[in-house]
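S.K.: have a look at this fold, sequence not included:
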């Protein structure tokens with residue numbers, strides 16, 4: 001019998017297409033190598049963003065970029081970059097230090113210290129003689145102690161010392177040696 005003009009044949013009981021049977025389970029593909037198993041892991045990095053203020057001691061092995069403010073000591077095994085808007089009040093010890101903002105405190109770069117044209121450093125600076133760059137246009141007020149990279153870094157094994165201040169003199173002899181007295 002047919003309702004509304006449909007045939008009552010059971011094989012045609014639905015106008016819907018037949019559902020596809022469930023896909024057969026497949027074997028998992030070969031496991032992928034994880035990122036941590038790569039031959040050279042990407043360096044970890046920490047950012048202190050503009051508008052952020054951190055107080056206290058910062059230690060570790062990750063690279064650090066400061067675009068905000070830090071009050072306290074920074075001791076890292078890797079690199080520290082102070083951006084143009086960054087400000088640090090405290091000592092910094094790291095492998096390399098790039099100053100594009102303002103630092104009030106002593107800095108010790110085991111391999112390199114760079115005060116960029118936009119940078120301002122008021123404090124003593126310790127770096128290897130071949131790893132020091134004070135760019136023209138920067139500001140620096142303090143003592144410079146150049147260490148021999150082949151000697152130990154104990155306080156008794158550090159190299160020559162220079163004192164004075166520089167404003168844009170650069171590290172290539174662009175400023176006169178200072179007698180240690182400030183005329184300003």
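M.R.: Sure thing, it's come through. Just so you know, these numbers come straight off a predicted model, no measurement behind them. Residues are numbered from 1 along each chain as shown.

S.K.: relative to residue 99, how far out is residue 116?
M.R.: Here residue 116 is placed at a distance of 6 Å from residue 99 (C-beta to C-beta, to the nearest Å). All C-beta spots, glycine's among them, are computed from the backbone N, C-alpha and C.

S.K.: so between those two, which is more surrounded?
M.R.: Neighbour count, other C-beta atoms under 10 Å: between residue 116 and residue 99, residue 99 has more, with 30 against 19.

S.K.: gap between the closest residue to the more buried one other than its chain neighbours and residue 150?
M.R.: Nearest residue to residue 99, sequence neighbours excluded (C-beta to C-beta, 6 or more residues apart in numbering): residue 119, at 3.9 Å. Counting by C-beta to C-beta, the gap from residue 119 to residue 150 is 28 Å.

S.K.: do the same with residue 144
M.R.: Counting by C-beta to C-beta - residue 144 and residue 150 are separated by 19 Å.

S.K.: between these two, which one's more packed in?
M.R.: residue 144 (20 against 6).

S.K.: any idea what that one is bridged to?
M.R.: On the basis of DSSP bridges, residue 144 is bridged to residue 125, residue 162.

S.K.: shouldn't it be in contact with residue 128?
M.R.: No. With contacts counted by C-beta atoms under 8 Å, residue 144 stays clear of residue 128, the gap being 11.6 Å.

S.K.: who touches both of these two?
M.R.: Here residue 144 and residue 128 share no contacting residue, scored by C-beta atoms under 8 Å, 6 or more residues apart in numbering.

S.K.: neighbours around the residue lying closest to residue 51 once chain neighbours are set aside, how many?
M.R.: Among residues not flanking residue 51 along the chain, residue 68 sits closest, at 6.1 Å (C-beta to C-beta, 6+ apart). By the measure other C-beta under 10 Å, the count of residues near residue 68 is 19.

S.K.: now do the end-to-end distance for stretch 101-118.
M.R.: 6 Å (C-alpha to C-alpha, to the nearest Å).

S.K.: ignore what I typed, I meant stretch 112-132.
M.R.: 6 Å.

S.K.: again, but for stretch 101-108
M.R.: End residues of stretch 101-108 are separated by 17 Å (C-alpha to C-alpha).

S.K.: look up how far residue 56 lies from the closest residue in space to residue 139 that isn't next to it in sequence.
M.R.: Leaving out its chain neighbours, the residue that sits closest to residue 139 by C-beta to C-beta, 6+ apart is residue 120, at 4.4 Å. Separation of residue 120 from residue 56 (C-beta to C-beta): 23 Å.

S.K.: how about residue 47?
M.R.: When residue 47 is compared with residue 56 (using C-beta to C-beta), they lie 17 Å apart.
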